[in-house]
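[1] below are the sequence and a predicted model; questions follow.
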Amino acid sequence: MSEEPVAVVGIGQTRHAAARRDVSLAGLVREAAARALEDAQLAWADVDAVVIGKAPDFFEGVMMPELYLADALGAVGKPMLRVHTAGSVGGSTALVAADLVAARVHRTVLTAAFEKQSESNAMWALSLPVPFQQPLLAGAGGFFAPHVRAYIRRTGAPPGIGALVAYKDRRNALRNPYAHLHEDGLTLERVRSSPMLWDPIRYSETCPSSDGACAMVLTDRAGAARAPHPPAWLHGGAMRSEPTLFAGKDFVSPRAGRDCAADVYRQAGVTDPRREIDVAELYVPFSWYEPMWLENLGFAAEGEGWKLVESGATALDGDLPVNPSGGVLSSNPIGASGMLRFAEAALQVRGQAGEHQIEGARRALGHAYGGGSQFFAMWLVGAEPPAT
Amino acid sequence: MTRRVAVVAFARSDPARPTAGLTEVELLLPVLREVLERTGLRAGEIGFTCSGSSDYLAGRAFSFTLALDGVGAWPPIAESHVEMDGAWALYEAWVKLRTGRADTALVYAWGKPSAGDLDAVLTRQLDPYHLAPLWPDPASLAALQERALLDSGALVPPVPAGGSSPGGPAPVDGAAAVVLAVEATARRLCARPAWIRGIDHRIEPHGLGVRDLADSPSTRLAAARAGAFDAPPVDTAELHAPHPAQEPILRRALRLDGAVAVNPSGPAAADPPMAAGLIRLGEAAARIHRGRSRRALAHATSGPCLQQNLVAVLEGEPDV
């Protein structure tokens, strides 16, 4: 018997900020979950199971927070799962929730992901202190900057590409009321002259540290038929992992990312992603990762990703808008960042992305990655139900 | 017709083997090798991989990423991880096999309590605003549960011996792994597959003050959903009771009578945290593999005072 089709019928997110001191951890996650339920016009009692995800527990200092959050998320008496796959976790969490519906184990599942970075110091939580193991250096930027430099050397990309991405995403965020950063007076020159953090990554080309949460309600065909707003339909979803470090690992274009995209495209019947996908929400925590992922995901030929950026194709009015929401560069509640990509992709095909809506978006890709460019989660959603 | 899923192999680290100085990957490697050898599968032939562990036990973020090195995830694999006991990783893998997107799954879990002070670490599971600042350790919370049980008249002193603390064996470092497979694949890999007839898990409120600590309604509900109360009755039950007074609570919630062999593999209190629940599932399955059980129940728990519980019912072939 084939899988049950999965529909996204409710989407909610918090206002993201450097510190949400107005809410507890539970209050933050519940804010997103309540909005998702309201969007679906469902009550807590309509939810059969809850799947939550977040990045390391050290970010808030709460071990296995699903235990503490059970009450706030209406999970009492229900199954509750907690996913952790590093930075890709927001995406993986949504996929685990989708599997529950696809396998017909549950009919309506609430999934949520969050991070309250203000409760801890992510910079140092990301800097592994264990001796005799490969260090992640100081923060994620210290780990990823050499791979950006490798990309530039490999492709001959001109030095200003990263600034173009950062300027685009931060401008896009001005249209997203939930985004953490709203830099009204930003100019390309200011991005280019911002302080260098991890050469070649400048301050304005780096994601912020955010408090925030995202939630979605996933349901089956019958649930979608009752939904008050058009659903987004899941056409393909996959996860892939590879080891952190090994001889022959390609940090610029990891094979796990390519394999994951290929699996999603096969499920969705996509043979030419550049033409067949209308909009993409990619996990770009440092500006240069946009051209790198464009190649890894098959939107551009190897070595050509930066040309797509330079041509303006990934801008709001380009033929492949990337991160119209402002992306991770404008809001980064780490554990939620992947689910935000998935949710923003779903908002686009539902026609509910507001000021950053891409006109006529029918198919959208949500993408997340984590660890040492080793964990990948993606989904492709469409405005129409899948063919099967 | 849903796809039938079975546990086809189980391996756990030898609790008697010294583990001082071993990394988590070194704990895991022999177990992964053993469980794959039992099925004749290579890592690359597995359809889906899922693990369970806790960064807090390891004392550092992303500890599971290095464990992946022990799996040999190259070429890249379809893989996921829960920050929960491995029993819930098995649940996620069971769901994946039911979608039809994989025919086999490798599930593993590990815990290294020797890396820190387990009693102190587990206090970090508690409500961060109201309870965690008081640092109540698991034994103190279990004592509240024991008192509730005594007051309810369901337990007469002395309580059963053998808890993790005080006075009982402390949890050891270790790992466990199982392989799951569907239908004909399961029969090909295992002479007596342990079919998962039902598996379900439920959570209770976090606050101890709003729970009846003498009861475990989430265990009862999960058991009912897993089919544990349907005929025929189970002959074996592997229970995950980190503290001795919790076993009578579980026995009552699960309606286990004297005819049921409870924890024939030994008590769970000394099992490695995060792998302890998966070990219960594995031991129940292994008893079916050996032809010693026709229908076995396995239970896993998480959180303070049995807050979250998982129950699975495993069966051998009807004609075995």
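    Nice, thanks for sending it over. Residues are numbered from 1 along each chain as shown, chains lettered A, B, ... in the order given.
[2] mind listing the strands for the stretch 101-250 of chain B?
    Ranges of strands within the stretch 101-250 of chain B are B:104-111, B:174-182, B:194-203, B:236-238, based on DSSP state E, counting those that start in this stretch.
[3] in a markdown table: these, plus mean neighbour count, mean pLDDT and distance to B:L126.
    Just so you know, the C-beta spots here come from the backbone N, C-alpha and C atoms, and that holds for glycine as well. Formatted as a markdown table, the strands of the stretch 101-250 of chain B follow (neighbours: other CB atoms under 10 Å in any protein chain shown; pLDDT from 0 to 100; distance: least, CB to CB, whole Å):
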| stretch | mean neighbour count | mean pLDDT | distance to B:L126 |
| --- | --- | --- | --- |
| strand B:104-111 | 28 | 98 | 19 |
| strand B:174-182 | 28 | 98 | 25 |
| strand B:194-203 | 24 | 98 | 15 |
| strand B:236-238 | 25 | 98 | 27 |
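[4] stretch A:76-92 close to chain B?
    Yes - applying CB under 8 Å from any CB of the partner chain, one finds that stretch A:76-92 is in contact with chain B at A:V76, A:G77, A:K78, A:P79, A:M80, A:L81, A:R82, A:V83, A:H84, A:T85, A:A86, A:S92.
[5] quick check: the two most widely separated of these?
    A:G77 and A:A86 (30.7 Å; CB to CB).
[6] I'd like to know which elements the helix or strand in which A:K307 is found is packed against.
    Element membership for A:K307, per DSSP states H and E: helix A:305-311. With contacts taken as 3 or more CB pairs under 8 Å, 6 or more residues apart in numbering or on different chains; DSSP states H and E, helix A:305-311 sits against helix A:161-173, helix A:289-296.
[7] looking at those, which is buried most?
    helix A:289-296 (a mean of 27; mean count of other CB atoms under 10 Å in any protein chain shown).
[8] with just CA atoms, put it into PDB.
    Provided in PDB are the C-alpha atoms of helix A:289-296 (Å, rounded to 0.1, in the frame of the first residue of the first chain):
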ATOM      1  CA  TYR A 289      26.700  29.200   1.300                       C
ATOM      2  CA  GLU A 290      24.100  30.400  -1.200                       C
ATOM      3  CA  PRO A 291      26.300  29.800  -4.300                       C
ATOM      4  CA  MET A 292      27.700  26.700  -2.700                       C
ATOM      5  CA  TRP A 293      24.300  25.100  -2.100                       C
ATOM      6  CA  LEU A 294      23.000  26.200  -5.500                       C
ATOM      7  CA  GLU A 295      25.700  23.900  -7.000                       C
ATOM      8  CA  ASN A 296      25.200  21.100  -4.400                       C
END
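[9] tell me the angle that helix makes with helix A:161-173.
    Angle of helix A:289-296 versus helix A:161-173, following axes from the mean of the first three to the mean of the last three CA atoms, to 10 degrees, is 100 degrees.
[10] for helix A:289-296, the averaged confidence score.
    What helix A:289-296 shows for mean pLDDT is 98.
[11] next, see if that helix gets close to chain B.
    No - for a cut-off given as CB under 8 Å from any CB, helix A:289-296 has no contacts with chain B; the smallest distance is 12.3 Å.
[12] can you give me how far that helix is from the chain middle?
    14 Å (CA atoms, centre = their mean, to the nearest Å).
[13] list the contacts of that helix.
    Contact partners of helix A:289-296, identified using CB atoms under 8 Å, 6 or more residues apart in numbering or on different chains, comprise A:144, A:147-148, A:151, A:155, A:157, A:161, A:165, A:252-254, A:257-258, A:261, A:282-284, A:300-306, A:308-309, A:314, A:322-323, A:367, A:369.
[14] which of those residues count as buried?
    Buried subset of the contacts of helix A:289-296 (neighbour count, 16 or more other CB atoms under 10 Å in any protein chain shown): A:144, A:147-148, A:151, A:155, A:157, A:161, A:165, A:252-254, A:257-258, A:261, A:282-284, A:300, A:305-306, A:308-309, A:314, A:322-323, A:367, A:369.
[15] residue contacts, the closest residue to chain B within the stretch 251-388 of chain A?
    Residue of the stretch 251-388 of chain A nearest chain B, by CB to the nearest CB: A:A256 (3.7 Å). Applying CB under 8 Å, 6+ apart, we find A:A256 in contact with A:R240, A:S241, A:E242, A:Q374, A:F375, A:F376, B:P76.
[16] ok, of those, which come out buried?
    Neighbour-count burial (16+ other CB under 10 Å) applied to the contacts of A:A256 gives A:R240, A:S241, A:E242, A:Q374, A:F375, A:F376, B:P76.
[17] measure the second one to A:A343 for me?
    Right, A:S241. 23 Å (CB to CB, to the nearest Å).
[18] try the last one
    If you measure B:P76 against A:A343 using CB to CB, the figure is 25 Å.
[19] check the fifth one too.
    In this structure, A:F375 and A:A343 are 19 Å apart, going by CB to CB.
[20] go on, the first one?
    For A:R240, the distance to A:A343 (CB to CB) stands at 21 Å.
[21] pLDDT on whatever helix or strand comes next after the helix holding A:K307, on average?
    On the C-terminal side of helix A:305-311, the closest following helix or strand by DSSP H and E is helix A:334-350. Per-residue pLDDT over helix A:334-350 has a mean of 98.
[22] any part of helix A:334-350 near chain B?
    No - Helix A:334-350 does not reach chain B (CB under 8 Å from any CB); its nearest approach is 10.7 Å.
[23] the closest residue in space to A:A227 that isn't next to it in sequence: which element?
    Spatial nearest neighbour of A:A227, excluding adjacent residues (CB to CB, 6 or more residues apart in numbering or on different chains): A:V9 at 3.9 Å. Assigned by DSSP H and E, A:V9 falls within strand A:7-13.
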